[in-house]
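Undergrad: predicted structure and sequence below. I'll ask about it afterward.
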Amino acid sequence: MRTHVVVETPAGARGLISGREPADAFESVPALRPWHWARDPARAHSRQHAELAVADRRTLLLGSANLTESAAHRTMEAGVLVTGGEAPRRAAEHIVELQRLGVLRPLRP
């Protein structure tokens with residue numbers, strides 16, 4: 001089974017995050033494929049701000065937790081777990097479509 005994770009990058013965040021590359025937190029996950037949002041240069045002030053996880057198209061975690069060192073040490077976060085129904089499947093399909101369109105790109109080839 002392959003695990004996909006979409007992460008912000010320090011370069012993509014344009015100085016809003018610092019420290020290690022967020023994708024480094026997932027180095028020990030077997031068969032991980034890190035992705036990043038390929039920012040549109042025409043939208044200079046846009047930001048990646050999606051916090052969700054989908055498992056097997058059956059479970060969806062929506063939350064506010066950023067996967068950054070700062071968020072782990074200085075903020076309180078919340079989330080909701082959705083099991084079954086249309087939401088997990090549709091979220092997974094949306095991510096696959098963003099990958100297909102090149103909106104999300106592999107972080108490391």
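TA: Okay, I see it.

Undergrad: okay, residue 57 and residue 95: tell me how far apart.
TA: Plainly put, residue 57 is 10 Å away from residue 95 if you go by CB to CB, to the nearest Å. In this view, the C-beta of every residue, glycine as well, is placed from N, C-alpha and C.

Undergrad: who's more crowded, the two?
TA: Shown here are residue 57 and residue 95; by other CB atoms under 10 Å, residue 95 has more neighbours (18 against 13).

Undergrad: surely the more buried one is within a helix?
TA: Yes - residue state for residue 95 (DSSP: H, G, I helix; E, B strand; the rest coil) corresponds to a helix.

Undergrad: can you pull the contacts of it?
TA: With contact set as CB atoms under 8 Å, 6 or more residues apart in numbering, residue 95 has these partners: 4, 6, 54, 104.

Undergrad: you'd agree the third one is up against residue 92?
TA: In this case it means residue 54. Yes - the pair residue 54 / residue 92 is scored as a contact, 4.5 Å apart, by CB atoms under 8 Å.

Undergrad: give me the more crowded residue out of the two.
TA: Shown here are residue 54 and residue 92; by other CB under 10 Å, residue 54 has more neighbours (21 against 18).

Undergrad: wait, is that one part of a strand?
TA: Yes - residue state for residue 54 (three-state DSSP) corresponds to a strand.

Undergrad: partners of it in the sheet?
TA: residue 60 (DSSP bridges).

Undergrad: and the pLDDT for it?
TA: Predicted confidence (pLDDT) for residue 54: 86.

Undergrad: tell me the contacts of it?
TA: Listed by CB under 8 Å, 6+ apart, the contact partners of residue 54 are 60-61, 88, 91-92, 95.

Undergrad: which of these sit farthest apart?
TA: Within the contacts of residue 54, two members stand farthest from each other by CB to CB: 61 and 95, at 13.2 Å.
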